[in-house]
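>>> sharing a model prediction with you, sequence too.
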Amino acid sequence: MRFGAALALVLLLVLALVLPGLGAAPLERAEIYFLDVARAMVETGDWLVPRYEGEPFFDKPPLVYWLMAVAFLGLGPETGAARLVPALAALGLVLATAWMGTLLYDRRTALAGAVILSTTLAFLTFARVAMSDMVLALSTTLAVALCLHALAPGRPAFVLPVLGAVLGLGFAAKGPIAILVPGLAFVLLLARSRRRLFAFARGELALGAVLFAALGLGWYVLVSLRLGAAPLAYFFLRENLERFAGGAYDVGRPFWFYAPAYAAGGLPWSLLAPIALWRLLSSGGGDEGPPARFLAGWVALVLVPLSLSRGKIDYYLLPLYPALSLLIGRFLVASPWRRLDRLWIRVSLVVLAASLALVAAHPPAVPRGWLPGPAAQAALFGVVLLTVIAALVAVFRLRSSLVMVALAGGMAASWLVLVAFFLPAFAAAQPNPAIVADVARELRYQPDLRLVTCTDPTRARRDVLFHVRLRTEERCDLWGLAASRVPYLLLIGPEESRSFQTIPHYREVARYTCLPAEVLTLDGLLRLSEPWPLVLAANFATTDPVAVRKHKREYRKAIRRARAAARRAGGDDRKEGPRPHRRKRLLGGGPAALPRR
């Protein structure tokens with residue numbers, strides 16, 4: 001098959017793995033910041049000053065906000081529309097990785113690297129998360145490929161201007177890190193080629209600098225003209241310098257944090273990364289050494305500031321996955337395997353097969369209501385079984401093609417079943433859509449209400465902010481709020497709700513059952529517990545007819561329960577049962593109107 005056709009199939013594979021259920025997944029990580037800012041830009045018409053919860057927000061540059069806002073304009077304010085931005089960036093990242101592979105090695109290695117990247121856990125995860133990190137990875141990889149092209153003999157005149165534009169867009173997407181990551185690669189390439197920077201045509205360098213300044217720095221200039229230097233000081237000092245040297249975010253992780261982070265996020269290919277690096281770097285002359293040393297050196301250089309930084313997050317590694325994918329791909333398709341190589345690959349395949357077999361035999365005890373139907377469960381079991389068989393076949397008939405099929409095919413098929421069936425079933429069983437609907441309905445009848453969460457295991461406050469445009473207060477001084485004259489909705493546990501039943505006008509809007517959002521992580525699956533009860537309550541009366549009907553039903557049930565209890569006690573149900581109170585126009589008129597639980 002020709003290279004172009006094969007690469008097109010890889011891109012179709014990425015779309016097939018990324019698009020299903022794109023809008024159904026719960027909000028993860030820092031998505032709510034990007035979603036709320038992008039929607040605020042559309043609603044206010046102010047595309048210069050980002051706003052989160054209505055307040056100016058300068059944690060990130062604006063490019064990804066703008067892209068998501070454009071998606072909202074075309075497709076509506078939906079999470080799936082915003083997630084198209086990282087999904088399309090993921091496609092571009094696969095193409096940039098393949099291009100870099102052809103510049104460093106050959107088309108076969110480039111294609112293998114593209115397949116490996118496309119079936120890596122971290123890549124698939126963040127291709128579906130509405131954040132700026134996939135756009136950053138695209139800009140840094142494309143910039144490194146352009147640096148390779150710029151230093152090659154007979155480069156076109158447009159390479160340096162395009163490089164300046166790419167660096168500027170990366171800076172507008174994430175900030176200085178978009179310059180640091182490809183800059184370290186450029187330093188290595190200059191040292192390897194022994195070419196001086198001023199050897200480039202001055203006109204090309206000047207045009208590249210102008211494009212970088214216009215695309216990367218233009219927004220900062222416009223913001224400073226409107227609001228002064230305070231936003232710039234906040235972004236560069238707090239969000240960059242303090243994140244690196246201070247104690248603002250994600251601190252306390254050891255300097256070796258990124259080794260286990262890649263071991264988990266790089267699955268299934270991280271199993272082969274150590275032997276691939278060892279073999280390629282220990283090879284003698286020929287064509288293997290220089291490209292491998294460049295890629296490995298670039299990864300090592302970038303890891304130095306990442307590891308020294310006090311703030312460490314797993315997705316900071318995303319710009320390095322293309323280089324690691326190319327190294328593993330080169331090892332699989334081109335390097336002659338030696339005894340240690342074959343032993344390592346076989347052990348890795350056996351470990352993978354045994355782990356999958358163990359999970360199939362003892363799956364996580366997820367409650368039935370949060371799982372899809374039997375057909376989807378059977379499909380996942382079948383995929384796991386086929387992956388185990390393919391891995392064992394590759395163990396006994398060790399060939400690069402069989403290893404690629406076992407790892408890439410197993411990962412792709414498992415991921416597709418999970419995102420197409422299991423993830424939507426989990427999201428549908430969670431109460432977040434119902435909480436959003438109940439809050440929106442209460443807001444129609446009480447426009448000045450406030451929402452308070454003391455417990456938010458499902459992270460419903462994010463959905464309420466995005467869909468209802470209501471800011472949530474996180475407080476646990478609940479008794480004073482429940483007794484306040486200020487209208488509050490309270491997202492609380494059933495114990496707190498029982499303690500508030502004597503407060504006038506207090507009422508339960510709805511009860512829900514949920515699993516904590518951490519269930520979607522490996523640690524959460526291992527610590528899975530029973531579903532949690534959750535209560536949405538109000539401290540004010542309402543004329544909502546839906547709430548009134550619900551109140552009447554609950555009151556009739558309370559009467560029946562009281563009479564049944566009286567009969568069991570041998571008393572007169574007419575005397576023991578509660579007397580119906582006069583029906584009131586306002587629901588929540590007092591404690592006598594409330595059914596006791």
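All right, it came through fine.
>>> from the contact counts, what lies against the longest helix anywhere in the chain?
Using DSSP state H to define each element, the chain has its longest helix at helix 79-104. Where contact means 3 or more CB pairs under 8 Å, 6 or more residues apart in numbering; DSSP states H and E, helix 79-104 is packed against helix 3-18, helix 31-44, helix 63-75, helix 107-118, helix 121-126, helix 133-151, helix 289-308, helix 321-333. Glycine gets a C-beta too; all of them are placed from N, C-alpha and C.
>>> what's the distance between the longest one and the middle of its chain?
Which is helix 289-308. Taking CA atoms, centre = their mean, to the nearest Å, one finds helix 289-308 lying 25 Å from the centre of the chain it belongs to.
>>> mind checking the pLDDT average for that helix?
The pLDDT scores in helix 289-308 average 91.
>>> mind listing what's buried in that helix?
Neighbour counts over helix 289-308 (16 or more other CB atoms under 10 Å) mark 291, 292, 294, 295, 296, 297, 298, 299, 301, 302, 303, 306 as buried.
>>> all the strands of the protein, residue numbers only.
Along the chain, the segments classed as strands by DSSP state E run 51-52, 55-56, 450-453, 472-474, 488-492, 507-514, 532-538.
>>> show me where the stretch 101-250 of the chain dips below the pLDDT cut-off.
Scanning the stretch 101-250 of the chain for pLDDT under 70 picks out 194-200, 239-250.
>>> can you give me the helices in the stretch 151-300 of the chain?
Using DSSP state H, counting those that start in this stretch, the helices found in the stretch 151-300 of the chain span residues 159-174, 177-193, 202-212, 218-227, 230-233, 243-245, 258-265, 273-282, 289-308.
>>> buried stuff in stretch 272-284?
Those would be 272, 273, 275, 276, 277, 279, 280, for stretch 272-284 by 16+ other CB under 10 Å.
>>> over to stretch 487-503?
487, 488, 489, 490, 491, 492, 496, 497, 500, 503.
>>> residue contacts, the closest residue to the third one other than its chain neighbours?
Taking CB to CB, 6 or more residues apart in numbering as the measure, residue 489 lies nearest to residue 451, with 4.7 Å between them; neighbours along the chain are not counted. Remark: with contacts taken as CB atoms under 8 Å, 6 or more residues apart in numbering, residue 451 is in contact with 439, 461, 464, 470, 471, 472, 473, 488, 489, 491.
>>> give me that answer again for 6 Å
Taking CB atoms under 6 Å, 6 or more residues apart in numbering, we find residue 451 in contact with 470, 472, 489.
>>> report pLDDT for the first one.
For residue 470, the pLDDT comes out at 94.
>>> the helices and strands packed on helix 79-104 into CSV, with extra columns for distance to residue 175?
Listed next are those as CSV, based on distance: least, CB to CB, whole Å:
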stretch, distance to residue 175
helix 3-18, 25
helix 31-44, 15
helix 63-75, 10
helix 107-118, 24
helix 121-126, 18
helix 133-151, 9
helix 289-308, 14
helix 321-333, 20
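>>> and of those helices, who's closest to residue 364?
Proximity to residue 364 (CB to CB) singles out helix 121-126 among the helices and strands packed on helix 79-104, at 16.9 Å.
>>> export that closest one to PDB, keeping only CA atoms.
In PDB, the C-alpha atoms belonging to helix 121-126 read as follows (Å, rounded to 0.1, in the frame of the first residue of the first chain):
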ATOM      1  CA  LEU A 121      -3.600   5.900  25.900                       C
ATOM      2  CA  ALA A 122      -2.600   9.500  26.700                       C
ATOM      3  CA  PHE A 123      -3.000  10.700  23.100                       C
ATOM      4  CA  LEU A 124      -6.500   9.200  22.800                       C
ATOM      5  CA  THR A 125      -7.500  10.600  26.200                       C
ATOM      6  CA  PHE A 126      -6.500  14.200  25.600                       C
END
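>>> give me the pLDDT for the residue lying closest to residue 483 once chain neighbours are set aside.
Leaving aside its sequence neighbours, residue 483 sits nearest to residue 503 (CB to CB, 6+ apart; 5.4 Å). With respect to pLDDT, residue 503 scores 90.
>>> which phi and psi values does residue 503 adopt?
phi -80, psi 130 (degrees, to the nearest 10).
>>> quick check: it vs residue 537, distance?
10 Å (CB to CB, to the nearest Å).
>>> returning to that earlier point: mind checking how far the longest helix of the chain is from the chain centre?
The answer for helix 79-104 is 16 Å, by CA atoms, centre = their mean.
>>> can you state the direction angle for that helix and helix 133-151?
20 degrees (axes from the mean of the first three to the mean of the last three CA atoms, to 10 degrees).
>>> tell me the angle helix 79-104 makes with helix 177-193.
10 degrees.
>>> the closest residue to residue 108 other than its chain neighbours: how many residues sit nearby?
Spatial nearest neighbour of residue 108, excluding adjacent residues (CB to CB, 6+ apart): residue 333 at 5.3 Å. Per other CB atoms under 10 Å, the neighbour tally for residue 333 reads 19.
>>> residues touching residue 333, list them.
108, 109, 112, 400.
>>> cutoff 10 Å now
105, 106, 108, 109, 110, 111, 112, 113, 400, 401, 403, 404 (CB atoms under 10 Å, 6 or more residues apart in numbering).
>>> wait, the fourth one sits on residue 329?
Yes: taking CB atoms under 10 Å as the definition, residue 109 is a contact partner of residue 329 at 5.4 Å.
>>> so for those two, which sits in the more crowded spot?
residue 329 (28 against 22).
>>> I'd like the buried residues of helix 289-308 written out as a markdown table, with distance to residue 119 added.
A markdown table is the format used below for the buried residues of helix 289-308 (distance: CB to CB, whole Å):
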| residue | distance to residue 119 |
| --- | --- |
| 291 | 22 |
| 292 | 22 |
| 294 | 24 |
| 295 | 19 |
| 296 | 22 |
| 297 | 26 |
| 298 | 22 |
| 299 | 20 |
| 301 | 27 |
| 302 | 23 |
| 303 | 23 |
| 306 | 24 |
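>>> return the member of the residues you listed nearest to residue 261.
Using CB to CB, the buried residues of helix 289-308 come closest to residue 261 at residue 306, 9.9 Å.
>>> so that closest one sits against residue 257, correct?
Yes: Residue 306 is in contact with residue 257 according to CB under 10 Å; the separation is 8.9 Å.
>>> one step back: is the residue nearest to residue 489 bridged to anything, and to what?
residue 472, residue 489 (DSSP bridges).
>>> what about it, distance to residue 509?
Taking CB to CB, one finds residue 451 at 11 Å from residue 509.
>>> spell out which residues are contacts of both of those two.
435, 439, 442, 489, 490, 491, 536.
>>> what sits against residue 357?
Residue 357 neighbours (CB under 10 Å, 6+ apart): 384, 385, 387, 388, 391, 392.
>>> okay, it: pLDDT?
So residue 357 comes in at 94 (pLDDT).
>>> walk me through the domains of the chain.
What automatic domain parsing lists as the domains of the chain is 3-250, 337-429, 432-593.
>>> who's in contact with residue 348?
Contacts of residue 348 by CB under 10 Å, 6+ apart are 268, 269, 270, 271, 272, 274, 275, 391, 395, 403, 407.
>>> would you list the buried entries among the residues you listed?
268, 269, 270, 271, 272, 275, 391, 395, 403, 407.
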